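Enquirer: this is a predicted model, with the sequence first.
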Amino acid sequence: MRNLTIAAAFILTAGMAMADPVEGVWQTEPDDGAYAQITISPCGERLCGVISAAFNDDGSPRQSENLGKQIVWDMQPTGDGSYGNGKIWRPSNGKTYKSKMALSGNRLKVSGCIGPICLGQNWTRVK
């Protein structure tokens, strides 16, 4: 029984250690007078992001119909802190773009692309 308990603890610990470094809460840059916090977590074998909070430019909380909506999906790690093959939705214009991300410390460069042209933001880790 003791060996079973130790094995179970090892498996649980190993699973926790395998969390992707991009998982967590990220703050976007302001866009059209507002910014948001995005919670990135696994969705199946890929990563997705959901709008978990919204704020006005001055930092005051903002009521938003977009709370709880998915903004990033199908993101896959491609190595060296890079992610690709995903999609991102821009709430201010309602459009969806191909997306990629690059993690560097507590900064996440998130880009939406149309063909070879990509525009992006630098998101900051909240937690």
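Expert: Yep, that arrived.
Enquirer: use CA for all of it now, contacts and neighbours both
Expert: OK.
Enquirer: can you tell me the closest non-neighbouring residue to the residue nearest the centre of the chain?
Expert: Nearest to the mean C-alpha position of the chain, counting by C-alpha atoms, centre = their mean, stands residue 40 at 3.4 Å. Using C-alpha to C-alpha, 6 or more residues apart in numbering and skipping residues adjacent in sequence, the residue nearest residue 40 is residue 49, 4.2 Å away.
Enquirer: circling back to that earlier point, so how far is residue 47 from the residue nearest to the centre of the chain?
Expert: Between residue 40 and residue 47 the computed distance is 7 Å (C-alpha to C-alpha, to the nearest Å).
Enquirer: please apply the same query to residue 20.
Expert: From residue 20 to residue 47 the distance is 9 Å (C-alpha to C-alpha).
Enquirer: looking at the two, which one has more neighbours?
Expert: Between residue 20 and residue 47, counted using other C-alpha atoms under 10 Å, the more crowded position is residue 47 (20 against 14).
Enquirer: now that one: which helix or strand?
Expert: strand 46-56 (DSSP states H and E).
Enquirer: average pLDDT for whichever helix or strand comes after that strand, rounded please.
Expert: Using DSSP H and E, the next helix or strand after strand 46-56 towards the C-terminus is strand 70-79. In this model, strand 70-79 has a mean pLDDT of 97.
Enquirer: so residue 29, which state does it fall into?
Expert: coil (DSSP: H, G, I helix; E, B strand; the rest coil).
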